[in-house]
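Student: predicted structure and sequence below. I'll ask about it afterward.
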Amino acid sequence: MRVLLDENLPHDLIAELAGHEVVTVQGLGWAGVKNGDLLRRSAGQVSALVTMDRRLEVEHDLSVLPFGVVVVRARSNRVQDLRPLVGSTLEALARLGPGMVERVGV
(Lines give C-alpha, C1' and ligand atoms only; values in the text may rest on other atoms or scores of the structure.)
Protein backbone atom coordinates (compact mmCIF):
# COMPACT_ATOMS: atom_id res chain seq x y z
CA MET A 1 0.00 0.00 0.00
CA ARG A 2 1.28 3.49 -0.82
CA VAL A 3 0.99 5.61 2.32
CA LEU A 4 1.34 9.37 2.58
CA LEU A 5 2.84 10.55 5.88
CA ASP A 6 1.51 14.01 6.73
CA GLU A 7 3.97 16.77 7.54
CA ASN A 8 2.96 16.73 11.21
CA LEU A 9 4.57 13.30 11.63
CA PRO A 10 8.33 12.64 11.87
CA HIS A 11 10.13 10.93 9.01
CA ASP A 12 11.45 8.36 11.51
CA LEU A 13 8.06 6.65 11.20
CA ILE A 14 8.81 5.62 7.63
CA ALA A 15 10.97 2.72 8.80
CA GLU A 16 8.31 1.72 11.36
CA LEU A 17 5.63 1.24 8.69
CA ALA A 18 7.28 -1.85 7.23
CA GLY A 19 5.52 -3.50 4.34
CA HIS A 20 4.25 -0.23 2.91
CA GLU A 21 5.65 2.24 0.42
CA VAL A 22 5.73 5.42 2.48
CA VAL A 23 6.04 8.86 0.93
CA THR A 24 5.99 12.16 2.77
CA VAL A 25 4.23 15.45 2.13
CA GLN A 26 7.64 17.14 2.16
CA GLY A 27 9.13 14.55 -0.18
CA LEU A 28 6.41 15.23 -2.72
CA GLY A 29 7.05 18.98 -2.47
CA TRP A 30 3.67 19.61 -0.83
CA ALA A 31 4.86 21.13 2.47
CA GLY A 32 2.57 23.93 3.58
CA VAL A 33 -0.27 22.87 1.28
CA LYS A 34 -3.71 23.41 2.86
CA ASN A 35 -5.71 20.31 3.78
CA GLY A 36 -8.27 20.58 0.97
CA ASP A 37 -5.58 20.88 -1.68
CA LEU A 38 -3.57 18.10 -0.03
CA LEU A 39 -6.56 15.76 -0.23
CA ARG A 40 -7.14 16.63 -3.90
CA ARG A 41 -3.46 16.12 -4.79
CA SER A 42 -3.38 12.78 -2.93
CA ALA A 43 -6.27 11.32 -4.94
CA GLY A 44 -4.87 8.74 -7.33
CA GLN A 45 -1.43 9.01 -5.73
CA VAL A 46 -1.83 7.09 -2.46
CA SER A 47 -4.01 4.46 -0.79
CA ALA A 48 -3.81 6.02 2.66
CA LEU A 49 -2.96 9.22 4.50
CA VAL A 50 -1.55 8.99 8.02
CA THR A 51 -1.94 12.22 9.98
CA MET A 52 -2.27 13.69 13.46
CA ASP A 53 -4.58 16.45 12.18
CA ARG A 54 -7.88 15.83 13.97
CA ARG A 55 -9.50 18.81 12.24
CA LEU A 56 -9.33 17.01 8.91
CA GLU A 57 -12.44 14.98 9.75
CA VAL A 58 -14.39 18.08 10.78
CA GLU A 59 -13.35 20.29 7.89
CA HIS A 60 -13.71 17.78 5.02
CA ASP A 61 -15.99 14.96 3.93
CA LEU A 62 -13.47 12.12 3.97
CA SER A 63 -16.08 9.52 2.98
CA VAL A 64 -15.83 10.61 -0.66
CA LEU A 65 -12.05 10.19 -0.90
CA PRO A 66 -10.55 7.47 -3.12
CA PHE A 67 -8.15 6.63 -0.25
CA GLY A 68 -8.46 6.11 3.50
CA VAL A 69 -7.20 8.18 6.40
CA VAL A 70 -5.59 7.06 9.66
CA VAL A 71 -5.76 9.70 12.39
CA VAL A 72 -3.12 9.09 15.05
CA ARG A 73 -3.83 10.45 18.50
CA ALA A 74 -0.74 10.69 20.68
CA ARG A 75 0.58 12.95 23.40
CA SER A 76 2.95 14.55 20.91
CA ASN A 77 4.38 13.93 17.46
CA ARG A 78 7.69 12.79 18.92
CA VAL A 79 8.79 9.31 17.87
CA GLN A 80 8.86 8.03 21.45
CA ASP A 81 5.15 8.94 21.82
CA LEU A 82 4.23 7.51 18.41
CA ARG A 83 6.22 4.26 18.49
CA PRO A 84 3.77 2.48 20.87
CA LEU A 85 1.01 3.19 18.32
CA VAL A 86 2.81 1.68 15.31
CA GLY A 87 1.17 -1.74 15.73
CA SER A 88 -2.30 -0.18 15.90
CA THR A 89 -1.48 2.02 12.92
CA LEU A 90 -0.42 -0.99 10.85
CA GLU A 91 -3.63 -2.80 11.84
CA ALA A 92 -5.67 0.26 10.86
CA LEU A 93 -3.92 0.40 7.49
CA ALA A 94 -4.78 -3.26 6.91
CA ARG A 95 -8.50 -2.53 7.49
CA LEU A 96 -8.55 0.74 5.57
CA GLY A 97 -10.46 1.25 2.38
CA PRO A 98 -11.38 4.27 0.25
CA GLY A 99 -13.33 6.89 2.18
CA MET A 100 -12.72 5.21 5.53
CA VAL A 101 -11.28 6.86 8.63
CA GLU A 102 -9.49 4.82 11.30
CA ARG A 103 -8.42 6.37 14.59
CA VAL A 104 -5.57 5.02 16.70
CA GLY A 105 -4.29 6.12 20.08
CA VAL A 106 -5.87 8.05 22.91
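Tutor: Everything's here; your move.
Student: going forward, measure contacts between C-alpha atoms and count neighbours the same way
Tutor: Fine.
Student: next, the buried residues of the top helix by length along the chain.
Tutor: In the chain, taking DSSP state H as the definition, the longest helix is helix 86-95. Under the neighbour-count criterion of 16 or more other Cα atoms under 10 Å, helix 86-95 has 86, 88-90, 92-93 buried.
Student: report the buried residues of the helix or strand just after that helix.
Tutor: Going down the chain from helix 86-95, the next helix or strand is strand 101-105, by DSSP states H and E. If you call a residue buried by 16+ other Cα under 10 Å, then strand 101-105 has these buried ones: 101-104.
Student: please enumerate the strands of this protein.
Tutor: Under the criterion DSSP state E, the chain contains strands at 2-5, 21-24, 48-51, 68-73, 101-105.
Student: any idea how far residue 52 is from the spatially most distant residue from the centre of the chain?
Tutor: Most distant from the centre of the chain: residue 80, at 17.7 Å, with distances by Cα atoms, centre = their mean. Relative to residue 52, residue 80 is positioned 15 Å away (criterion: Cα to Cα, to the nearest Å).
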